[in-house]
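# I'll drop the sequence and a predicted model, then ask my questions.
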Amino acid sequence: MTQQRDIERLLDHWFSDGPVQAPDRVVDIVADRIERHAQRPAWRLHWRPSTVNAYAKVAIAAAAVLIVALVGYNLLPAGSAGVGAPAPTASPAPRGGVVVPASSSTPTASPPTSAAPTVAPTTAPTKALASTPALAAPAALQGRWRAEIAPSVAILTFTATGFTIDWLGVHSGRIEVNGDKLTFSGSRDPQCPDGGTYRWSIESDRLHFEPVGTDPCPFQTEWAGNETYTRYD
C-alpha cells in the first residue's frame, strides 16, 4: 500500500501543477513502478470502493498516455521546424560540392561578358591595273591604222592602254596620251627605251605623227616619225 500511495501522491502533485512536459526522472520512475507493480486480478477489485478503483484507472491511463506522447515526440525529426512544415529540399550539388536549398533566393551571378569592339567596314581603294596608264587614248585614236612604209606596209593598232606595230616584225608596248601628245613605252626591245613622244592629229580618217624632241628608240622613228596613217578597220 505504500507504493500505491506514493504513486497517487506523485500523480496528484503532477496534475495540480498542470505541467506541459514531465521531467525525464518522473517518466522513468512511473514506468519502472508500473512494470514492477503486481497487477491484481479483476475479481479482487470488486470489493474495493468504486472511487478508489476509478482513480487507479485514471492514473494508469494518464501515465500510459504520457509515455506514448513522450515516445512519439522523441521519434519526431530533431530538425523539424514546426508541425506540418515541409522540409526544405536541396538542389543537386554543383561542381564545388555546395548544396543550396531550393528555397534559397541567392541571385545567380552571370559571368561578365566582354563586348567585342565594333569594327566599321572599310572599303579598300581599288588599285589601278599596272598596265593602265594615267592618261588613256581617246576613242578617236583607238583602232587600226595602215601606212605604206618601205619596204612593206605597216599596221598600227591602238587600244586605250597600249599599241602594236606590225612592220618588219610585230612589236608592242604601252602608251600615254596627254592632249595631242602621245608617248610610247614598255617595248620589249632592249634597244628601244621609253620616252619617245609624238604629236598626233586626225583629219578625215588620216592620222599624222610629228616627233617632239629626239626619240631614244630609232626603230620608232622609222615607223612613227612624220608618217601618216589611214584608218584600217
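Happy to help now that I have it. Numbers count the residues shown, from 1 in each chain.
# CA atoms only: put stretch 176-183 into CSV for me.
Presented in CSV, the C-alpha positions along stretch 176-183 are these (Å, rounded to 0.1, in the frame of the first residue of the first chain):
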residue,chain,number,x,y,z
GLU,A,176,50.1,57.5,-122.6
VAL,A,177,48.1,60.3,-124.3
ASN,A,178,48.2,63.8,-122.9
GLY,A,179,46.1,66.0,-125.2
ASP,A,180,47.7,65.9,-128.6
LYS,A,181,50.9,64.3,-127.3
LEU,A,182,51.4,60.5,-127.3
THR,A,183,54.3,58.8,-125.5
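# per-domain residue ranges of the protein.
Here the chain is described, according to automatic domain parsing, as comprising the domains 2-75, 143-231.
# Figure out the helix or strand that Asp215 lives in.
Assigning secondary structure by DSSP states H and E places Asp215 outside every helix and strand.
# Now it. Nearest residue, chain neighbours left out?
Gly196 (3.8 Å; Cβ to Cβ, 6 or more residues apart in numbering). For every residue, glycine as well, the C-beta is placed using N, CA and C.
# Highest mean neighbour count out of the domains of the chain?
domain 143-231 (a mean of 15; mean count of other Cβ atoms under 10 Å).
# Could you point out which residue ranges in the protein have low pLDDT?
1-4, 14-23, 25-27, 30, 37-56, 71-134 (pLDDT under 70).
# wait, which of the domains of the chain is closest to Ala137?
Each of those was scored for nearness to Ala137 using Cβ to Cβ, and the closest is domain 143-231 (4.7 Å).
# any idea how far the residue nearest to Asp215 lies from Ile149?
Applying Cβ to Cβ, to the nearest Å, the value for Gly196 to Ile149 is 16 Å.
# Please apply the same query to Trp167.
Relative to Ile149, Trp167 is positioned 6 Å away (Cβ to Cβ).
# can you check Ser204 too?
Here Ser204 is placed at a distance of 20 Å from Ile149 (Cβ to Cβ).
# same thing with Asp233?
In terms of Cβ to Cβ, Asp233 sits 19 Å off from Ile149.
# Torsion angles phi and psi at Leu168?
When quoted as degrees, to the nearest 10, the phi and psi of Leu168 stand at phi 50, psi 40.
# cool, and the one 10 residues further on?
With angles defined as degrees, to the nearest 10, Asn178 sits at phi -120, psi 90.
# Would you agree it is in contact with Ala136?
No. Contact between Asn178 and Ala136 fails when scored by Cβ atoms under 8 Å: they sit 10.5 Å apart.
# re earlier: joint contacts of Trp167 and Ile149?
Common contacts of Trp167 and Ile149, defined by Cβ atoms under 8 Å, 6 or more residues apart in numbering, comprise Trp223.
# What ranges does the chain have for its strands?
Taking DSSP state E as the criterion, the chain contains strands spanning 143-149, 152-158, 162-166, 170-178, 181-185, 196-203, 206-211, 228-231.
# which residues sit against the last one?
Contacting residues not belonging to strand 228-231 are listed as 143-147, 154, 156, 205-209 [Cβ under 8 Å, 6+ apart].
# at 6 Å what do you get?
Here strand 228-231 makes contact (Cβ atoms under 6 Å, 6 or more residues apart in numbering) with 145-147, 156, 205-208.
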